[in-house]
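> I'll drop the sequence and a predicted model, then ask my questions.
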Amino acid sequence: MDQIQEKPSKEVDIYRDTWVRFLGYANEVGEAFRALVPLSAVWATYAVATVYVSADAVDKGKKAAVEHGDNPGKTTKVAVAVVDTFVWQALASVAIPGFTINRVCAASLYLLGRTTRLPLSVRKWTTTAIGLSTIPFIIHPIDRGVDFLLDSSLRKVYGQSAGERHD
(Lines give C-alpha, C1' and ligand atoms only; values in the text may rest on other atoms or scores of the structure.)
Protein backbone atom coordinates (compact mmCIF):
# COMPACT_ATOMS: atom_id res chain seq x y z
CA MET A 1 0.00 0.00 0.00
CA ASP A 2 1.35 3.42 -0.93
CA GLN A 3 1.89 5.83 1.84
CA ILE A 4 0.64 9.29 1.06
CA GLN A 5 2.68 11.86 2.83
CA GLU A 6 0.76 14.88 3.87
CA LYS A 7 2.50 18.16 3.33
CA PRO A 8 2.06 20.54 6.20
CA SER A 9 -0.53 23.02 5.00
CA LYS A 10 0.45 26.64 5.02
CA GLU A 11 -1.63 28.66 7.44
CA VAL A 12 -4.23 30.71 5.61
CA ASP A 13 -3.79 34.41 6.20
CA ILE A 14 -7.30 35.84 6.11
CA TYR A 15 -5.96 39.27 5.12
CA ARG A 16 -3.81 37.99 2.26
CA ASP A 17 -5.27 34.67 1.06
CA THR A 18 -9.06 35.21 1.11
CA TRP A 19 -11.68 37.54 -0.31
CA VAL A 20 -10.96 39.92 2.59
CA ARG A 21 -7.85 41.00 0.63
CA PHE A 22 -10.13 42.84 -1.80
CA LEU A 23 -11.24 45.23 0.96
CA GLY A 24 -7.79 46.77 0.67
CA TYR A 25 -8.70 47.84 -2.87
CA ALA A 26 -11.92 49.58 -1.84
CA ASN A 27 -10.47 53.07 -2.12
CA GLU A 28 -9.19 52.44 -5.66
CA VAL A 29 -12.73 51.52 -6.66
CA GLY A 30 -13.99 54.62 -4.88
CA GLU A 31 -11.50 56.79 -6.76
CA ALA A 32 -12.57 55.24 -10.07
CA PHE A 33 -16.20 56.14 -9.29
CA ARG A 34 -15.38 59.62 -7.95
CA ALA A 35 -16.90 61.36 -11.00
CA LEU A 36 -20.19 59.51 -10.52
CA VAL A 37 -20.82 59.27 -6.78
CA PRO A 38 -20.97 61.74 -3.89
CA LEU A 39 -17.64 62.56 -2.28
CA SER A 40 -18.87 60.97 0.95
CA ALA A 41 -19.06 57.61 -0.87
CA VAL A 42 -15.44 57.96 -1.96
CA TRP A 43 -14.38 58.76 1.62
CA ALA A 44 -16.36 55.72 2.84
CA THR A 45 -14.23 53.50 0.59
CA TYR A 46 -11.12 54.97 2.21
CA ALA A 47 -12.61 54.09 5.62
CA VAL A 48 -13.10 50.47 4.49
CA ALA A 49 -9.52 50.26 3.19
CA THR A 50 -8.15 51.84 6.38
CA VAL A 51 -10.01 49.35 8.57
CA TYR A 52 -8.55 46.55 6.44
CA VAL A 53 -5.00 47.95 6.84
CA SER A 54 -5.44 48.38 10.60
CA ALA A 55 -6.91 44.90 11.08
CA ASP A 56 -4.05 43.32 9.11
CA ALA A 57 -1.48 45.19 11.21
CA VAL A 58 -3.14 44.08 14.46
CA ASP A 59 -3.30 40.50 13.17
CA LYS A 60 0.41 40.50 12.33
CA GLY A 61 1.15 41.91 15.79
CA LYS A 62 -0.84 39.12 17.44
CA LYS A 63 0.96 36.51 15.35
CA ALA A 64 4.33 38.02 16.29
CA ALA A 65 3.34 37.95 19.98
CA VAL A 66 2.49 34.25 19.77
CA GLU A 67 5.65 33.49 17.78
CA HIS A 68 7.94 35.21 20.29
CA GLY A 69 6.23 33.91 23.44
CA ASP A 70 7.95 35.21 26.55
CA ASN A 71 11.31 35.80 24.88
CA PRO A 72 13.21 38.98 25.61
CA GLY A 73 12.50 41.67 23.08
CA LYS A 74 8.98 40.42 22.43
CA THR A 75 7.46 43.90 22.71
CA THR A 76 9.91 45.26 20.16
CA LYS A 77 9.24 42.39 17.74
CA VAL A 78 5.48 42.90 18.05
CA ALA A 79 5.83 46.66 17.54
CA VAL A 80 8.00 46.11 14.47
CA ALA A 81 5.46 43.66 13.02
CA VAL A 82 2.59 46.10 13.55
CA VAL A 83 4.45 49.18 12.27
CA ASP A 84 5.95 47.39 9.27
CA THR A 85 2.59 45.93 8.23
CA PHE A 86 0.69 49.16 8.81
CA VAL A 87 3.14 51.37 6.92
CA TRP A 88 3.47 48.89 4.05
CA GLN A 89 -0.29 48.43 3.72
CA ALA A 90 -1.04 52.14 4.14
CA LEU A 91 1.33 52.99 1.30
CA ALA A 92 0.78 49.99 -0.99
CA SER A 93 -2.97 49.54 -0.50
CA VAL A 94 -4.31 53.01 0.25
CA ALA A 95 -2.17 56.09 -0.37
CA ILE A 96 -0.22 55.36 -3.56
CA PRO A 97 -2.91 53.40 -5.45
CA GLY A 98 -5.60 55.91 -4.42
CA PHE A 99 -3.51 58.80 -5.68
CA THR A 100 -2.62 56.92 -8.88
CA ILE A 101 -6.23 56.05 -9.76
CA ASN A 102 -7.33 59.58 -8.86
CA ARG A 103 -4.80 61.09 -11.27
CA VAL A 104 -5.53 58.56 -14.05
CA CYS A 105 -9.24 59.34 -13.79
CA ALA A 106 -8.72 63.11 -13.59
CA ALA A 107 -6.42 63.04 -16.62
CA SER A 108 -8.76 60.84 -18.64
CA LEU A 109 -11.79 63.01 -17.84
CA TYR A 110 -9.82 66.12 -18.80
CA LEU A 111 -8.51 64.57 -22.04
CA LEU A 112 -11.92 63.21 -23.01
CA GLY A 113 -13.36 66.70 -22.47
CA ARG A 114 -10.68 68.33 -24.61
CA THR A 115 -10.54 65.77 -27.43
CA THR A 116 -14.10 64.45 -27.85
CA ARG A 117 -17.63 65.71 -28.09
CA LEU A 118 -18.99 62.93 -25.91
CA PRO A 119 -21.70 63.95 -23.44
CA LEU A 120 -20.47 64.53 -19.89
CA SER A 121 -22.23 61.42 -18.56
CA VAL A 122 -20.47 59.24 -21.17
CA ARG A 123 -17.12 60.85 -20.33
CA LYS A 124 -17.67 60.18 -16.62
CA TRP A 125 -18.57 56.51 -17.19
CA THR A 126 -15.61 56.13 -19.55
CA THR A 127 -13.33 57.64 -16.91
CA THR A 128 -14.68 55.19 -14.34
CA ALA A 129 -14.06 52.26 -16.70
CA ILE A 130 -10.52 53.48 -17.34
CA GLY A 131 -9.89 53.81 -13.60
CA LEU A 132 -11.24 50.34 -12.82
CA SER A 133 -9.28 48.75 -15.66
CA THR A 134 -6.08 50.41 -14.42
CA ILE A 135 -6.22 48.78 -10.96
CA PRO A 136 -4.85 45.32 -11.93
CA PHE A 137 -1.89 46.90 -13.73
CA ILE A 138 -0.73 49.10 -10.85
CA ILE A 139 -0.87 46.61 -7.97
CA HIS A 140 2.40 44.71 -8.44
CA PRO A 141 4.58 47.67 -9.47
CA ILE A 142 3.35 49.64 -6.46
CA ASP A 143 3.88 46.67 -4.12
CA ARG A 144 7.45 46.21 -5.34
CA GLY A 145 8.11 49.94 -5.16
CA VAL A 146 6.91 50.07 -1.55
CA ASP A 147 9.07 47.02 -0.75
CA PHE A 148 12.07 48.89 -2.16
CA LEU A 149 11.16 52.09 -0.31
CA LEU A 150 10.78 50.36 3.06
CA ASP A 151 13.86 48.15 2.52
CA SER A 152 15.83 51.33 1.79
CA SER A 153 14.52 53.30 4.75
CA LEU A 154 12.30 52.19 7.62
CA ARG A 155 13.39 48.55 7.64
CA LYS A 156 17.01 49.65 8.01
CA VAL A 157 16.04 51.53 11.17
CA TYR A 158 14.76 48.41 12.90
CA GLY A 159 17.13 45.99 11.16
CA GLN A 160 14.53 43.78 9.56
CA SER A 161 15.72 41.55 6.76
CA ALA A 162 13.72 40.96 3.58
CA GLY A 163 12.77 37.46 4.76
CA GLU A 164 11.14 38.79 7.92
CA ARG A 165 8.81 41.25 6.24
CA HIS A 166 5.22 41.36 7.39
CA ASP A 167 3.70 42.65 4.12
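Thanks, I have it.
> sketch out the low-pLDDT regions of this structure for me.
1-9, 161-167 (pLDDT under 70).
> which stretches in it count as helices?
Ranges of helices in the chain, per DSSP state H, are 14-17, 26-32, 39-68, 74-89, 96-115, 120-152, 154-157.
> and those helices as TSV, adding mean neighbour count?
(Each C-beta comes from the backbone N, C-alpha and C, glycine too.) Below are the helices of the chain laid out as TSV (neighbours: other C-beta atoms under 10 Å):
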stretch	mean neighbour count
helix 14-17	14
helix 26-32	24
helix 39-68	17
helix 74-89	19
helix 96-115	16
helix 120-152	15
helix 154-157	14
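> run through the residues that contact the most centrally placed residue in the chain.
The residue lying closest to the centre of the chain (C-alpha atoms, centre = their mean) is S93, at 1.9 Å. Counting by C-beta atoms under 8 Å, 6 or more residues apart in numbering, S93 touches G24, Y25, A49, Y52, V53.
> of all the residues you listed, which two lie farthest apart?
Farthest-apart pair in the contacts of S93 is Y25 and V53; separation 11.5 Å (C-beta to C-beta).
> look up how far D17 lies from K10.
K10 sits 9 Å away from D17, taking C-beta to C-beta, to the nearest Å as the criterion.
> ok, E31 next?
E31 is 25 Å from D17, by C-beta to C-beta.
> ok, G69 next?
Computed with C-beta to C-beta, the distance linking G69 and D17 is 25 Å.
> with R103 instead?
In this view, R103 and D17 are 30 Å apart by C-beta to C-beta.
> cool, and R114?
44 Å.
> same check on I138?
For I138, the distance to D17 - C-beta to C-beta - is 21 Å.
> and if you look at V94?
From V94 to D17 the distance is 20 Å (C-beta to C-beta).
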